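Participant: Predicted coordinates and the sequence they were generated for:
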Amino acid sequence: MAFKPNDCQQLSFDDSFIALTEREKKALEKSRAKIFADEIFPAIDEERFSVLYSGKASRSNTPVNVIIGALIIKELFDYSDDEIAENLMLDLHLQYALHTTSFVEQPVSDKTLSRFRKRCYDYETLHGADLYHDCVKDLSGKIAKIMKLNGRIRRMDSLMIESNIRFLSRMELIYTCISKLAV
């Protein structure tokens with residue numbers, strides 16, 4: 001399979017976005033899909049994944065930015081591979097977020113994702129570089145900026161009190177909190 005970057009991000013004449021009513025377009029523009037489509041999706045660096053594909057002339061790959069975007073959304077919503085593939089076929093929000101509204105058939109299937117992860121794993125095994133992790137790490141700064149997260153603020157949660165807090169009785173919880181406070 002040959003690597004081809006996903007350069008075409010324009011609406012086509014038969015794009016499903018064009019058929020929407022003004023009300024539907026406005027709702028889509030106000031959704032989280034718009035933020036993902038405008039901020040996260042274009043920031044995905046496809047070129048780093050070109051090493052996973054053949055340099056020979058052959059069938060072109062599924063757009064890497066669509067695969068990476070689908071994997072990110074999959075993790076955000078805790079979808080399985082089958083669920084993300086099915087939701088991408090049926091949910092206009094996902095299609096809009098991944099710039100696939102103009103595709104006649106959605107390019108992602110469960111096999112697409114597993115094969116891509118296998119390519120990344122094989123590359124990491126041979127070369128010691130986790131391409132997917134590096135890509136997400138690069139995107140994390142952009143995501144933090146969009147979400148207005150401050151990396152200097154430390155998270156404080158129940159793990160700082162007791163690792164198995166849900167198994168404690170009220171009395172044990174009070175005792176543990178006071179003992180941690182006193183130390």
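Facilitator: Looks like it arrived, so ask away.

Participant: tell me the contacts of the residue positioned nearest the centre of the chain?
Facilitator: The centroid of the chain falls nearest to Ile72 when counting by Cα atoms, centre = their mean (1.3 Å). Taking Cβ atoms under 8 Å, 6 or more residues apart in numbering, we find Ile72 in contact with Ile40, Val136, Leu139. C-beta here means a position set from N, CA and C on the backbone, and glycine is covered the same way.

Participant: avg pLDDT for stretch 21-37?
Facilitator: In this model, stretch 21-37 carries a mean pLDDT of 89.

Participant: gap between the lowest-mean-pLDDT helix or strand in the chain and the chain center?
Facilitator: When the helices and strands of the chain are scored by mean pLDDT, DSSP states H and E, helix 170-182 comes last with a mean of 73. Relative to the centre of its chain, helix 170-182 is centred 39 Å away, using Cα atoms, centre = their mean, to the nearest Å.

Participant: Put the alpha carbons of that helix into PDB.
Facilitator: The C-alpha trace of helix 170-182 is given here as PDB (Å, rounded to 0.1, in the frame of the first residue of the first chain):
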ATOM      1  CA  ARG A 170     -17.000   6.600  56.600                       C
ATOM      2  CA  MET A 171     -15.000   6.200  59.800                       C
ATOM      3  CA  GLU A 172     -12.000   4.800  57.900                       C
ATOM      4  CA  LEU A 173     -12.300   7.700  55.500                       C
ATOM      5  CA  ILE A 174     -12.300  10.300  58.200                       C
ATOM      6  CA  TYR A 175      -9.400   8.600  60.000                       C
ATOM      7  CA  THR A 176      -7.300   8.300  56.800                       C
ATOM      8  CA  CYS A 177      -7.900  12.000  55.900                       C
ATOM      9  CA  ILE A 178      -7.000  13.200  59.400                       C
ATOM     10  CA  SER A 179      -3.900  11.000  59.600                       C
ATOM     11  CA  LYS A 180      -2.700  12.200  56.100                       C
ATOM     12  CA  LEU A 181      -3.400  15.800  57.100                       C
ATOM     13  CA  ALA A 182      -1.400  15.400  60.400                       C
END
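
Participant: which strands and helices sit next to the biggest helix by length in the chain?
Facilitator: Longest helix in the chain, counting residues (DSSP state H): helix 110-127. Secondary-structure packing of helix 110-127 (3 or more Cβ pairs under 8 Å, 6 or more residues apart in numbering; DSSP states H and E): helix 64-76, helix 81-90, helix 131-146.

Participant: For Tyr121, find the nearest of those.
Facilitator: helix 131-146 (9.1 Å; Cβ to Cβ).

Participant: List the contacts of the closest one.
Facilitator: 35, 39-40, 43-45, 48-49, 51-52, 68, 71-72, 117, 120, 123-124, 151.

Participant: mind pulling up the phi and psi values for Ser60?
Facilitator: When read as degrees, to the nearest 10, the backbone of Ser60 gives phi -80, psi 160.
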